[in-house]
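coordinates for the following, if possible.
(one chain, ligands or ions: 1)
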Amino acid sequence: MGRLVIVSNRVADPRKAASGGLAVAVGQALEATGGLWFGWSGKIVEDGTPGEGDLHLQTAGKVQLATVDLSREDHDSYYLGYSNGVLWPVFHYRLDLADFDAGYIGGYRRVNQMMAHKLASLLRPDDIIWVHDYHMIPLAAELRAMGCQQRMGFFLHIPLPPPLILAAVPEHDWLMRSLFAYDLVGFQSEADVAHFSRYVGTETGADILGEHEFRAFGKTLQVQAFPIGIDVDEFTQLGEAPEAQEMYTQIRGEYSRRRLLLGVERMDYSKGLPQRLKAFRQLLQAYPENLGSATLIQIAAPSRESVDAYAALRQELESLCGAINGNFGELDWMPVRYIHRNVARKRLPGLYRAASVALVTPLRDGMNLVAKEFVAAQDPDDPGVLVLSRFAGAAEQMHEALLVNPYDTTRTAETIQRALQMPLEERQRRHQALLGGIRAHDVHWWRKRFLDALAAVPAP
Ligand code: GDG
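Numbering: from 1, shown residues only. Got it, this is the predicted structure:
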């Protein structure tokens, strides 16, 4: 097999601890095989020229890192504007939050063109190129326009919405046509694949050649679900390290008389945080035995703070937490501990393990790795319970979680109560099944399945 080239918006040194999500999954994939990781450096050049940026090369163990700086204008239109102000909300079904008419598309195309130019100069003929996520949808089309013939795959980490939602993006036909420049496109869930199939069937008149094979624009494309996993062994080891153990002991000690509920995510409107807080408030109202006991620790790590919708969410959360603590709190008990800061990854397993219940209730999520990390961190003899949104991609796999509709706060509160009261034997049975699932379908399985499928695509 040729050299693996990974392209994603952000690049991280795979030997250093990443904060999670894509960086961990991609870093682990590359560390295993070696190769090149290409993307934005994270640096913004205030007076830089749009469409231009310096290329930096660096070696990190078996991996070569190649990164490009962005001018302020490119960063604001490509990253903040089109990627996070249009594609992110629409792909999470939030048309109300999308800023369609600000002209960001020009920057998105320009940066993808520039990235393709820079990358093309580094490519070898037998490279296998794996592009990640919504920032880079048109990259293969740009590379093909320059004559690159390498095998190219694309993986979308976020959901693909139904055709009528996608069609609200003014450039939807161009975006979806761009996908046909790849040889293989991977989605997180079967639901996403079904949306793709319906979209190309109705909007492009593509020929559906098989369950996973489509032909349009003179090109055949393979499309499949590849649900992403975590590195269960790595996460288990992280849980045995002193930082995690200390966290566990400290939290268990502090909450010995209480029941701990936990939420951990980037602060994002897709994660259903206001609805979760309302469900928790409902729990305290409807089941008063939880007063003085049930405590929700909610970590909402800062994210994309210069996008307006995120600032509004922050205010809403602060006000909800304040109202719940004000209405229900006692001198010796605060129902919500809300932390708007990043928690060190090394401490996360200890926090997960100390919780009786994890609330993973996004309104929409491509997959959701927190659900899987929570399961991996539990004590199998006395495991906590996972309450999981049916709208997370993870719900297609994690049937033994307690699945909820996060918009229905009354029934979510009922389900949280059920989780708090679940007998040990049922907790063990559900945890064992969930752990088996995340072990069988871990990040190594995900990477191998994708790369094997890409290698198996028939040559054109
Ligand atoms: C996208 C898709 C898909 C969270 N808070 C802290 C922290 N985290 C870590 C978690 C986890 C990661 O961030 C979050 O991953 P998720 O999958 O839950 O969500 P997104 O960031 O939205 O990721 C998602 C994923 O891509 C992969 O394909 O599953 O659907 O939206 O690893 O542990 N890590 C640290 N401190 C925090 O405060 N260190």
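
quick check: domain ranges of this structure?
4-229+443-456, 232-439 (automatic domain parsing).

let me have the ones you listed in JSON lines, adding mean pLDDT and mean neighbour count as columns.
C-beta here means a position set from N, CA and C on the backbone, and glycine is covered the same way. Formatted as JSON lines, the domains of the chain follow (pLDDT from 0 to 100; neighbours: other CB atoms under 10 Å):
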{"stretch": "domain 4-229+443-456", "mean pLDDT": "93", "mean neighbour count": "19"}
{"stretch": "domain 232-439", "mean pLDDT": "96", "mean neighbour count": "19"}
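
how far away from the center of its chain is stretch 233-240?
The chain centre lies 20 Å from the centre of stretch 233-240; the measure is CA atoms, centre = their mean, to the nearest Å.

where along the stretch 251-400 of the chain do the helices fall?
273-286, 308-328, 348-354, 369-377 (DSSP state H, counting those that start in this stretch).

compare those helices and report which one is nearest to the ligand.
With CB to the nearest ligand atom as the measure, helix 369-377 is the member of the helices of the stretch 251-400 of the chain nearest the ligand (3.5 Å).

with distance to the ligand as extra columns, can I get the helices of the stretch 251-400 of the chain in JSON lines?
Converted to JSON lines, the helices of the stretch 251-400 of the chain look like this (distance: least, CB to the nearest ligand atom, whole Å):
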{"stretch": "helix 273-286", "distance to the ligand": "12"}
{"stretch": "helix 308-328", "distance to the ligand": "13"}
{"stretch": "helix 348-354", "distance to the ligand": "6"}
{"stretch": "helix 369-377", "distance to the ligand": "3"}
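
can you lay out the ones you listed as JSON lines showing distance to Leu160?
Shown next, in JSON lines, are the helices of the stretch 251-400 of the chain (distance: least, CB to CB, whole Å):
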{"stretch": "helix 273-286", "distance to Leu160": "23"}
{"stretch": "helix 308-328", "distance to Leu160": "21"}
{"stretch": "helix 348-354", "distance to Leu160": "29"}
{"stretch": "helix 369-377", "distance to Leu160": "18"}
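
quick one, which of those helices gets closest to Asp54.
helix 308-328 (29.1 Å; CB to CB).

ok, and what's touching the closest one?
89, 97, 267-269, 273-274, 277-278, 280-281, 284, 291, 298, 300, 303-305, 334-336, 338, 340 (CB atoms under 8 Å, 6 or more residues apart in numbering).

try 6 Å
Residues outside helix 308-328 that contact it (CB atoms under 6 Å, 6 or more residues apart in numbering): Leu97, Tyr269, Leu273, Pro274, Leu277, Arg281, Leu284, Arg304, Met334, Pro335, Val336, Tyr338.

again with stretch 227-242
25, 28, 188, 349, 367, 369, 372-373, 376-377, 397, 438-439, 441-443, 446.

try stretch 421-432
Gln378, Pro383, Val385, Glu400.

looking at those, which is nearest the ligand?
Nearest member of the contacts of stretch 421-432 to the ligand, counting by CB to the nearest ligand atom, is Gln378, at 14.8 Å.

now do the closest one against Pro288, distance only.
According to CB to CB, to the nearest Å, Gln378 and Pro288 sit 28 Å apart.

and Phe450, by the same measure?
49 Å.

any residues of this protein in contact with the ligand? List them.
19-22, 25, 157-158, 228, 264-266, 299, 301, 342-345, 348, 365-370, 373 (CB under 6 Å from any ligand atom).

how about His431, secondary structure?
Using DSSP: H, G, I helix; E, B strand; the rest coil as the criterion, the local structure at His431 reads helix.

actually Ile158, not the one I wrote
Per three-state DSSP, Ile158 ends up coil.

wait, it touches Asp365, no?
No - between Ile158 and Asp365 there is no contact under CB atoms under 6 Å: 8.0 Å.

what residues are shared contacts of the two?
Joint contacts of Ile158 and Asp365 (CB under 6 Å, 6+ apart) do not exist.

just the strands in the stretch 151-300 of the chain please.
Remark: strands assigned in the stretch 151-300 of the chain by DSSP state E, counting those that start in this stretch are 151-155, 184-187, 207-210, 213-216, 219-225, 259-266, 294-301.

direction included, what does the last one pair against?
Yep, that's strand 294-301 we're talking about. Applying DSSP bridges, strand 294-301 is found paired with strand 259-266 (parallel), strand 336-339 (parallel).

can you give me how far stretch 409-422 is from the chain middle?
25 Å.

can I get that stretch in CSV, CA atoms only?
Provided in CSV are the C-alpha atoms of stretch 409-422 (Å, rounded to 0.1, in the frame of the first residue of the first chain):
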residue,chain,number,x,y,z
THR,A,409,-37.6,17.0,28.8
THR,A,410,-40.3,15.3,30.9
ARG,A,411,-39.5,11.8,29.6
THR,A,412,-35.8,12.5,29.7
ALA,A,413,-36.2,13.3,33.4
GLU,A,414,-38.1,10.0,33.9
THR,A,415,-35.2,8.2,32.1
ILE,A,416,-32.6,9.9,34.3
GLN,A,417,-34.6,8.8,37.4
ARG,A,418,-34.7,5.3,36.0
ALA,A,419,-30.9,5.4,35.5
LEU,A,420,-30.4,6.6,39.1
GLN,A,421,-32.4,3.7,40.4
MET,A,422,-31.2,1.0,38.1
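
from Tyr248, how far out is Ile438?
Counting by CB to CB, the gap from Ile438 to Tyr248 is 20 Å.

check Met1 too.
Distance from Met1 to Tyr248, by CB to CB: 41 Å.

Ala395 now?
In terms of CB to CB, Ala395 sits 27 Å off from Tyr248.

check Phe235 too.
Taken as CB to CB, the span from Phe235 to Tyr248 is 14 Å.

list the contacts of Leu434.
Here Leu434 is in contact with Val375, Met398, Glu400 (criterion: CB under 6 Å, 6+ apart).

one more time with 8 Å, if that's ok
Here Leu434 is in contact with Val375, Leu386, Met398, Glu400, Ala401 (criterion: CB under 8 Å, 6+ apart).

pick out the most distant pair among those residues.
The widest separation within the contacts of Leu434 (CB to CB) is 9.3 Å, between Val375 and Glu400.

tell me the strands beside the longest strand seen in the chain, with direction?
When the chain is parsed with DSSP state E, its longest strand is strand 35-45. Using DSSP bridges, strand 35-45 pairs in its sheet with strand 4-10 (parallel), strand 63-71 (parallel).

so can I have TSV of those strands showing distance to Asp192?
Formatted as TSV, the strands paired with strand 35-45 follow (distance: least, CB to CB, whole Å):
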stretch	distance to Asp192
strand 4-10	18
strand 63-71	29
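
among the ones you listed, which is nearest Val169?
strand 4-10 (18.5 Å).

helix or strand right after that closest one?
helix 21-33 (DSSP states H and E).

so what angle separates the directions of that next one and strand 63-71?
Using axes from the mean of the first three to the mean of the last three CA atoms, to 10 degrees, the direction of helix 21-33 lies 150 degrees away from that of strand 63-71.

got the angle for helix 21-33 vs strand 151-155?
Going by the same axes, to 10 degrees, helix 21-33 is angled at 150 degrees with respect to strand 151-155.

and for stretch 145-152, what are the contacting residues?
2, 5, 116-117, 120, 123, 125-131, 140, 143, 181-184, 454-455, 457.
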